[in-house]
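Asks: Any chance you could fold what I've pasted below:
(one chain, ligands or ions: 1)
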Amino acid sequence: MQAEADRARRGGTTGLVPTMGFFHEGHLSLMRRARAETDWVAVSLYVNPTQFGPGEDFARYPRDFEKDCELACAEGVDVMFAPAASLYAPDSATFINVERLSRVLCGASRPGHFSGVATVVAKLFNISKPHRAYFGMKDFQQVRVIETMVRDLNFDLEIVRCPIVREPDGLAMSSRNSYLSPQERRAATVLHRSLLVSERLINKGERDPQSIILRVSDSIAAEPLAHIDYVAAVSPETLEPVARIEDAILLAIAVRFGRARLIDNLLIERGKPASRLPLRAC
Ligand code: PAF
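Replies: Numbers count the residues shown, from 1 in each chain. The predicted structure is shown next:
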């Protein structure tokens, strides 16, 4: 893969879309963007064991290699890098830890997760040497961790943030949506609806993060199948709570529906248009 990547870099710009497979429109949108912006597109498909904690869904993470190959091929991807063997030496001793950003939000209930993500992404960058790497903003915290790692360790590449892709009813696309029963799938629409209500409140002038958190939590808690892990209003830079909502705020949520833990977020920036999806009462 390194020899192939070297050859591609000599011929033009190269892009990488790192994934864990089981492709949906979200993944395909990253591939399309990479295809439009770079001369050579690689997609990595590796279910990375080091980012799953004990008791998490590593073994049952959804996989469909044949279908993924067909979908990537249809998007005009040049190379699919899907190592059959572990990417880690049995006595692997080097792990990357992006301090602070990795401990908050999802990091609080998933210790070690972001160290696993940062380490495998660094390895994928070294293996495929892209000029640009494409990540979806549904995993906003992951994007911030990777951006910080790239800055701190002087990786010579650009991270491209790509918008969240949603189902027509607003549910953010995720491979883990496949864990939802039909009832849980219907219930999960509460996530985006409650984020939109908070956006409306902020646009009407609400500046107190606590009252936003309360409103979002209340509307999610009204859904009996939803179990809140966290609802947070944080700085999009540091991911730390803010005392008052000023120019930009990230509303981030993690909620369990049965065996699926889903995340979603809304980045609200002054001067940027509000979300377009219709509001229904929560
Ligand atoms: O977002 C994902 O699918 C994974 O966390 C990533 C970036 C491919 C690293 O394993």
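Asks: Tell me where this protein has helices.
Replies: Counting by DSSP state H, one finds helices in the chain at the ranges 2-11, 25-37, 65-74, 106-109, 113-128, 140-152, 182-187, 190-203, 209-221.
Asks: Could you give me the buried positions within stretch 261-276?
Replies: Buried positions in stretch 261-276, judged by neighbour count with 16 or more other CB atoms under 10 Å: R261, L262, I263, D264, N265, L266, L267, I268, S275. Heads up, the C-betas are built off the backbone N, CA and C, glycines and all.
Asks: same question, stretch 111-130
Replies: Buried residues in stretch 111-130, defined by neighbour count with 16+ other CB under 10 Å: 112-125, 127-130.
Asks: Which one of the helices of the chain lies nearest to the ligand?
Replies: helix 113-128 (4.8 Å; CB to the nearest ligand atom).
Asks: pLDDT score for R270?
Replies: With respect to pLDDT, R270 scores 78.
Asks: Wondering if stretch 170-186 reaches the ligand at all.
Replies: No. Counting by CB under 6 Å from any ligand atom, no contacts exist between stretch 170-186 and the ligand, the nearest distance being 7.9 Å.
Asks: Can you tell me how far the one residue in the stretch 151-282 of the chain that gets nearest to the ligand is from A108?
Replies: Nearest residue of the stretch 151-282 of the chain to the ligand, counting by CB to the nearest ligand atom: S175, 7.9 Å away. Distance, S175 to A108, by CB to CB, to the nearest Å: 23 Å.
Asks: Give me the more crowded residue out of these two.
Replies: Set S175 next to A108 and count neighbours by other CB atoms under 10 Å: S175 wins out with 20 against 13.
Asks: Name all residues that make contact with that one.
Replies: Contact analysis of S175 by CB atoms under 8 Å, 6 or more residues apart in numbering lists M20, G21, F22, H24, Y61, P62.
Asks: Against the ligand, how distant is the residue nearest the centre of the chain?
Replies: The centre of the chain sits closest to D139, judged by CA atoms, centre = their mean, with a distance of 2.0 Å. Applying CB to the nearest ligand atom, to the nearest Å, the value for D139 to the ligand is 5 Å.
Asks: I'd say that residue and L262 touch.
Replies: No. D139 lies out of contact with L262 (CB atoms under 8 Å); the separation is 11.6 Å.
Asks: List the residues that contact L101.
Replies: Residues near L101 by CB under 8 Å, 6+ apart: G107, F114, Q141, R144, V145, T148, T238, L239.
Asks: so what pLDDT did S275 get?
Replies: pLDDT, S275: 62.
Asks: tell me which parts of the chain are close to the ligand?
Replies: Proximity of the chain to the ligand is confined to P18, T19, M20, N48, Q51, V117, V120, V121, D139, Q142 under the rule CB under 6 Å from any ligand atom.
Asks: The fifth one contacts P111, doesn't it?
Replies: No. At 11.4 Å, Q51 and P111 do not qualify as touching, with contact defined as CB under 8 Å.
Asks: and the closest residue to L28 other than its chain neighbours, backbone torsions?
Replies: Spatial nearest neighbour of L28, excluding adjacent residues (CB to CB, 6 or more residues apart in numbering): E75 at 5.8 Å. E75 adopts backbone torsions of phi -90, psi 0, taken as degrees, to the nearest 10.
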